[in-house]
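> next come a sequence and a model predicted from it.
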Amino acid sequence: MDYTQLISVLQNPTKVNYPVVLPDFFVDHFVVFETLDILMDGLARLAEQGGGNLLDNEQFIRRGGNAVNTASALLSLGLSPKLIVTTDEYGASLLKALVDPELDLSHVHTDGRLSSTVSIETKHSGRQVNLMVSDSGSASKFTFSDLTPGDFELIKDSGIVALVNLNHNRNGAELAHDLFQMIKESSSTKTFMDMGDPSGNPEIVTQLVQRVIKTGLVDIIGLNENEVGWIAKSLTGDQERWKNIFTKPELWIEGAQLIANETGVRVDLHTPHYSATINGDEMTAIPAFAVESRVVCGAGDAWNAGDIYGSLLNLPPLERLTLANAVASLYVSSVSASHPQLSDIIRFLESAPILSRDGKKLLKVQ
């Protein structure tokens, strides 16, 4: 593929308005085991003996929450993202320590409760898996009424508002409806939503479909293949066809097209093998880049950041997808889970990176 035009844009990017990202911040405590069997056998042994300490693992703390990770990726790309989240004083101090000091934290609310996740990274059935156990804290109850007058002004003056990780939020559909309705009534700001994995809060899917997605309040939906299945199931009522969609790659684009056609929303799909954007009758899809994956958690946030930046730059669909794929690829292949800068992306594209073989096969491209 020819990346000359995209490289030229990234070398001298047009100044864009700042994005706003909300509403979650988590402290992520990672626990890494070689295999799931080693972990489960070890836990069973400790339980049988009445307790004990399981060794031979690696642990570390990182910033977490889709909003914080997306904002972090946008900052690395050279933007000035604004973050609106709720935590407590302790959480605010941890957030300050875990993110780049250049990230604007002036709209962090400290009148809530810390959200935290134990994230177990291991291998199972030949694939890398990420198993999360979360205390949702304030992420479970962030509402429209939590926004301050200063938050409202920030939102109205922004280029795009990204509402992410609603699956933790008991009021997620109400928050999305009220926030996006306010934006549509008072500004020209674009609206972007990524609901996250709804399997722990399945009721939110139909609520979002009926109150937000079908009502014209959201301009862009970022989805992975699993989330496509959930929304397609809600739209069609066909439980059997859309369940376990991650095992049915032939339905991924079909489902995304169904969502776009039924709702009029631009659907931006990212999968392990390719990405696609569907806007009305127009569909563009490209294979992912073939890179070694060292990081399991956060790829979707990195991809969304590239997609959001590409949207603010008004890039053509193919170049926007290429940018998003490059941001995600450099993130997942990073040893330290670092988000790439524009200079990293330019060097990556200039290196003529290899495209995913599976992606090319699924999209039937040469």
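The structure has been received and is ready for your questions.

> can you give me the strands in the stretch 51-200 of the chain?
For the stretch 51-200 of the chain, the strands defined by DSSP state E, counting those that start in this stretch occupy 58-64, 82-83, 85-86, 108-109, 115-124, 127-135, 160-164, 190-194.

> where does this structure have its least confident helix or strand?
None of the helices or strands of the chain scores lower by mean pLDDT, DSSP states H and E than strand 127-135, at a mean of 88.

> so what touches that strand?
With contacts defined as C-beta atoms under 8 Å, 6 or more residues apart in numbering, strand 127-135 is touched by 26, 36, 114-123, 168, 293, 296-297. From N, CA and C alone the C-beta is placed, and that goes for glycine too.

> how does it look with 6 Å?
Strand 127-135 has contacts (C-beta atoms under 6 Å, 6 or more residues apart in numbering) with 116-121, 296-297.

> out of the strands of the stretch 51-200 of the chain, nearest to Lys360?
Closest of the strands of the stretch 51-200 of the chain to Lys360 is strand 127-135, at 20.4 Å (criterion: C-beta to C-beta).

> now Phe144. Nearest residue, chain neighbours left out?
Nearest residue to Phe144, sequence neighbours excluded (C-beta to C-beta, 6 or more residues apart in numbering): Asp178, at 3.8 Å.

> the residue positioned nearest the centre of the chain: what secondary structure?
Closest residue to the average C-alpha location of the chain: Asp301 at 3.1 Å, with C-alpha atoms, centre = their mean. Following DSSP: H, G, I helix; E, B strand; the rest coil, we place Asp301 in the helix state.

> tell me the pLDDT at it?
In this model, Asp301 is scored at 96, pLDDT.

> could you measure from the residue nearest to Phe144 over to Gly137?
Going from Asp178 to Gly137 by C-beta to C-beta, to the nearest Å gives 21 Å.

> these two - which one has more neighbours?
Gly137 (23 against 18; other C-beta atoms under 10 Å).

> Arg113 is in contact with the more buried one, correct?
Yes: assessed by C-beta atoms under 6 Å, Gly137 is found in contact with Arg113 at 4.3 Å.

> PyMOL command to pick out the buried ones of the contacts of strand 127-135?
Remark: buried members of the contacts of strand 127-135, expressed as a PyMOL selection using 16 or more other C-beta atoms under 10 Å:
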select buried, resi 116+117+119+120+121+296+297
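
> between the contacts of strand 127-135, which sits nearest Arg241?
Val296 (28.4 Å).

> surely that closest one touches Glu121?
Yes: counting by C-beta under 6 Å, Glu121 is a contact partner of Val296 at 5.5 Å.

> low pLDDT regions in the stretch 1-150 of the chain?
For the stretch 1-150 of the chain, no stretch is flagged by pLDDT under 70.

> before we move on, the earlier item: want to try JSON lines for the strands of the stretch 51-200 of the chain, with distance to Gly42 as columns?
Converted to JSON lines, the strands of the stretch 51-200 of the chain look like this (distance: least, C-beta to C-beta, whole Å):
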{"stretch": "strand 58-64", "distance to Gly42": "14"}
{"stretch": "strand 82-83", "distance to Gly42": "38"}
{"stretch": "strand 85-86", "distance to Gly42": "35"}
{"stretch": "strand 108-109", "distance to Gly42": "38"}
{"stretch": "strand 115-124", "distance to Gly42": "11"}
{"stretch": "strand 127-135", "distance to Gly42": "15"}
{"stretch": "strand 160-164", "distance to Gly42": "34"}
{"stretch": "strand 190-194", "distance to Gly42": "35"}
